[in-house]
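Novice: coords please:
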Amino acid sequence: MIKLPSSLDSKQAILLSQPSDIQYISGFQHNFIQERLALLYLSHKQNTLLLQPFLKAPPQFAKDVYFGTRPQQIAEFIKRQTIEELFVDADNLTLAEFQALQSISALKISNLDRTFIDQKRLIKSAKEQAAIRCAVSITKKSIKSTIEDLHIGQSELQVKSILETHLRSYGAELAFDSIIAFDANSALPHHQPSIKRLQNNTVVLIDCGAKYKGYCGDVTRTIFFKVDDSVVSKAGSKKERQFRHILRIVKTAHRHALSLLKQSTVVNIKELDIACREYITKQGYGEHFIHTTGHGLGLDIHEQPSIYYKNDGVISKNMVITIEPGIYLEGKFGVRWEDTVIV
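Specialist: So this is what the prediction gives:
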């Protein structure tokens, strides 16, 4: 069980509602993220898993389980505890749940400082790293298989379906909704796949992730699709040359960030972003790198830290992050190259 903040006294407690937090601490995994299946009550006196009645409690909570996750049931449970202040995660509590808790007289509801759990989740154990390695391996194999299956006339949505079939065929779930983007659509970092169809001489961006044993992988590859080298139009040839040029810049920026991690035992988060951003800027494309260099991941696809020049934190051994520089030319195409990195 996670060590509670030393500042928490006997009259205070924490109610966790984010599914990945609950899985990290209790081992209970939400299979239906659209529903509130569980909450976790933590105090110095007791730890209780609040579950929907049709679910079975994990072995470690066999005697410390309360069946009921509706707002009023949650409030009834909290009323029975001898506490005066309850810390809740405002980003993951519903309005109905908050209002039910707020109706408890003499109970102060405060916003939870997530530092105590986020800092713990930053560092991945050997078991967590093994699951992430498997997730990444499956992700890369699925992308490779999907690229081999590409042919003219497929829509972005059809390629997405092929990709996700490959991910599942290797025994994984989806870490997030896959991104398939052709040509101008690839200049939108979070494009949602459409009915746009694949043609010869097309830039194809594939961003996806497998989830294995609850842990995420995240990989992006961008390729130039063409079916016949012997028949290439002048426009197609010019487009491919520009794509290859942009791809070299992005992959070099990617290597600059990786080399920083390999050369030093202490790396500031901002240095990773600056390494990519400064190189891309020197090549004349700084204004077209429109997102951060990466992010942490684990049970969630986006975790701390954010790899950005405004972040003063430090990269530590056994963190897991993405490195994903990109250049996006509006109306033409975008190029992103992303890997999941275990430090």
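
Novice: Please make it C-alpha for all contacts and neighbour counts, starting now.
Specialist: Noted.

Novice: State the number of residues packed around the nearest residue to Val267 once chain neighbours are set aside.
Specialist: Distances taken as C-alpha to C-alpha, 6 or more residues apart in numbering put Ile315 closest to Val267, at 5.4 Å, once the chain neighbours are dropped. Neighbours of Ile315 under the rule other C-alpha atoms under 10 Å: 22.

Novice: just Asp312 next, same as before
Specialist: 12.

Novice: was I right about it contacting Leu272?
Specialist: No. Asp312 is beyond contact range of Leu272, at 11.2 Å (criterion: C-alpha atoms under 8 Å).

Novice: List the buried residues for stretch 60-75?
Specialist: For stretch 60-75, a neighbour-count test (16 or more other C-alpha atoms under 10 Å) marks Phe61, Val65, Tyr66, Phe67, Gly68, Thr69, Arg70, Pro71, Gln72, Gln73, Ile74, Ala75 as buried.

Novice: Give the rounded mean pLDDT of that stretch.
Specialist: Across stretch 60-75, the average pLDDT comes to 88.

Novice: and the gap between the residue nearest to Val267 and Gln129?
Specialist: Applying C-alpha to C-alpha, to the nearest Å, the value for Ile315 to Gln129 is 16 Å.

Novice: now swap in Tyr285 and tell me
Specialist: For Tyr285, the distance to Gln129 - C-alpha to C-alpha - is 35 Å.

Novice: Repeat that for Val204.
Specialist: To Gln129, Val204 is 30 Å away according to C-alpha to C-alpha.

Novice: again, but for Asn47
Specialist: Distance, Asn47 to Gln129, by C-alpha to C-alpha: 27 Å.

Novice: Over to His254?
Specialist: Following C-alpha to C-alpha, the distance that separates His254 from Gln129 is 22 Å.

Novice: So for Val204 and Gln129, which sits in the more crowded spot?
Specialist: Val204 (24 against 18).

Novice: can you list the residues that contact the one helix or strand the more buried one maps to?
Specialist: Following DSSP states H and E, one finds Val204 within strand 202-208. For strand 202-208, contacts defined as C-alpha atoms under 8 Å, 6 or more residues apart in numbering pick out 139, 143, 175-183, 186, 218-226, 243, 333-336.
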